[in-house]
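Chemist: Structure here, sequence nowhere to be found:
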Ligand SMILES: Cc1cc2nc3c(=O)[nH]c(=O)nc-3n(C[C@H](O)[C@H](O)[C@H](O)COP(=O)(O)O)c2cc1C
């Protein structure tokens, strides 16, 4: 199995309705392909995490990357033994959760460096994966599959 996280800059103005639509479409497709993950949207930037079969992830990521509505600034991949997010197919992670988990430091702060054209060192990448783990612990606490938009 493969996990992939990327950081991208929106090229169009996404309204809350458009984000909701994107999440619903993504969730449906990802469920059909046994892909799990989450997506965050803040101040015009996306962070999306995907996990699943290596070829499935790769073809989906290709399609996402080619989407004219955003520009991917960086992506990281990592092989995994089992999925971390088996209850979420494409869960929308709210700002509040990010703030509560101190992800400003673990996830967003690192990606912010990318925005300033700073090359990420391995330690910075490790912080990003730690951020994913923190979100997966939060995910583990939920009893039901849940999505703000579905
Ligand atoms: C930030 C972002 C994340 C996306 N994530 C997914 C996703 O997880 N799954 C998915 O099927 N489509 C996702 N999409 C939508 C795809 O890029 C694409 O528009 C959609 O799958 C329809 O593809 P098609 O027009 O080639 O049929 C995402 C788009 C954006 C902009």
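Modeler: Now that the structure is in, tell me what you want to look at. Values in this document were obtained by computation on a predicted structure and should not be read as measured data.
Chemist: How about the residues of this protein by the ligand?
Modeler: Contact residues, the chain versus the ligand (Cβ under 6 Å from any ligand atom): 8, 22, 25-26, 29-30, 46, 48, 60, 63-64, 67, 69-70, 90. No exception for glycine: its C-beta is placed from N, CA and C like everyone else's.
Chemist: who's in contact with residue 120?
Modeler: The contact partners of residue 120, by Cβ atoms under 8 Å, 6 or more residues apart in numbering, come to 74, 110, 113, 114, 128.
Chemist: ok, so what distance separates residue 61 from residue 110?
Modeler: From residue 61 across to residue 110, the span is 20 Å (Cβ to Cβ, to the nearest Å).
Chemist: Compare the two (neighbour count), which wins?
Modeler: residue 110 (25 against 18; other Cβ atoms under 10 Å).
Chemist: How about the more buried one, nearest residue that isn't a chain neighbour?
Modeler: Counting by Cβ to Cβ, 6 or more residues apart in numbering, residue 110 lies nearest to residue 124, which is 4.7 Å off, once chain neighbours are set aside.
Chemist: what about the one you found, neighbour count?
Modeler: 16.
Chemist: Look up how far residue 137 lies from it.
Modeler: Where residue 137 is concerned, residue 124 sits at a distance of 21 Å (Cβ to Cβ).
Chemist: any chance you could map the helices in the protein?
Modeler: 16-32, 54-65, 95-100, 103, 109-115, 122-141 (DSSP state H).
Chemist: which of those sits most buried?
Modeler: Most buried of the helices of the chain, by mean neighbour count (mean count of other Cβ atoms under 10 Å): helix 103, with a mean of 25.
Chemist: Relative to the whole chain's centre, how far out is that helix?
Modeler: 13 Å (Cα atoms, centre = their mean, to the nearest Å).
Chemist: ditto for stretch 95-105
Modeler: Put simply, stretch 95-105 sits 14 Å off its chain's centre (Cα atoms, centre = their mean).
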